[in-house]
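Undergrad: predicted model and sequence below, questions to follow.
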Amino acid sequence: MSENVEPSGLKKLMRNKKIQELFWYFVFGVLTTIVNLVVFAILDKLIGAHWEVKIIRWNIDLFTVFINVVAWVAAIVFAYVTNKLFVFHTKGNIKKEFISFVVARLFTFFAFEVGLFTLGLMVMENSFNMPAEDLLINCFGFEVTNKYIVKMFIAVFVVVANYVFSKLFIFKKKDEQKVEEKIEKEA
């Protein structure tokens, strides 16, 4: 006697398409953040240069900004592919989606990865007397400095903002696009 029993708990929750999408976005968001951090760390440790410029009263290390840009580009390529294939499952125009994806990511990049990151470093160094290069912990030979803490803090804002842009503007399903077109025609 086999009855069709409705799944409950976590199984039922994971069958929900929106929950699956959020779950996979979170998983690939974490992996994208790891790609960003690893590329940043590798360049920081391999090259280890400093190009400081004084802006107003603060010194800004342009090398750190530069490797942040390179890490961001690597993370963007990874994020686009994983979001398209595994999170939003869209079959839209790749060129249009990619351009929209990059534009949205440029906004979050300048707002958070450059702006808030640089502001975070300046506040940490000047208000709390915590230089970016001060060692916090040494984990398996990898030195975690204050700038990595700021970078991880900023990642939270980046992931949330990027999800909103991806969901609402970039990876629209065909059904959503048809509804929008219908609304535009009626207006």
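TA: The structure has been received and is ready for your questions.
Undergrad: the helices in this protein, which residues?
TA: Secondary structure of the chain (DSSP state H): helices at 10-15, 17-47, 62-82, 94-108, 117-127, 146-165, 174-186.
Undergrad: let's have these in JSON lines, adding distance to residue 140 and mean neighbour count.
TA: Heads up, the C-betas are built off the backbone N, CA and C, glycines and all. As requested, the helices of the chain are arranged in JSON lines below (distance: least, CB to CB, whole Å; neighbours: other CB atoms under 10 Å):
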{"stretch": "helix 10-15", "distance to residue 140": "34", "mean neighbour count": "10"}
{"stretch": "helix 17-47", "distance to residue 140": "12", "mean neighbour count": "16"}
{"stretch": "helix 62-82", "distance to residue 140": "20", "mean neighbour count": "18"}
{"stretch": "helix 94-108", "distance to residue 140": "31", "mean neighbour count": "16"}
{"stretch": "helix 117-127", "distance to residue 140": "25", "mean neighbour count": "17"}
{"stretch": "helix 146-165", "distance to residue 140": "14", "mean neighbour count": "18"}
{"stretch": "helix 174-186", "distance to residue 140": "46", "mean neighbour count": "10"}
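Undergrad: now do the nearest residue to residue 109 once chain neighbours are set aside, the pLDDT please.
TA: What sits nearest to residue 109 in space, not counting adjacent residues and going by CB to CB, 6 or more residues apart in numbering, is residue 72, at 5.5 Å. Per-residue pLDDT puts residue 72 at 88.
Undergrad: one more: the one 5 residues further on?
TA: pLDDT, the model's per-residue confidence, is 94 for residue 77.
Undergrad: quick one: low-confidence ranges for this structure?
TA: Flagging of the chain using pLDDT under 70 yields the residue ranges 1-8, 10, 49-59, 174-187.
Undergrad: re earlier: ok, now which ones touch the residue nearest to residue 109?
TA: With contacts defined as CB atoms under 8 Å, 6 or more residues apart in numbering, the neighbours of residue 72 are 36, 105, 109, 113.
Undergrad: nearest to residue 134, of the helices of the chain?
TA: Taking CB to CB as the criterion, helix 146-165 is the member of those that comes nearest to residue 134, at 5.2 Å.
Undergrad: next one: that closest one to chain centre, how far?
TA: The chain centroid and the centroid of helix 146-165 are separated by 6 Å under CA atoms, centre = their mean, to the nearest Å.
Undergrad: hmm, who's touching it?
TA: 25-26, 29, 32-33, 36-37, 40-41, 64, 68, 79, 104-105, 107-108, 111-113, 116-117, 120-121, 124, 130-134, 136.
Undergrad: coming back round to it: how far away is the residue nearest to residue 109 from residue 116?
TA: When distances are taken as CB to CB, to the nearest Å, residue 72 and residue 116 turn out to be 13 Å apart.
Undergrad: cool, and residue 26?
TA: From residue 26 over to residue 116 the distance is 21 Å, taken as CB to CB.
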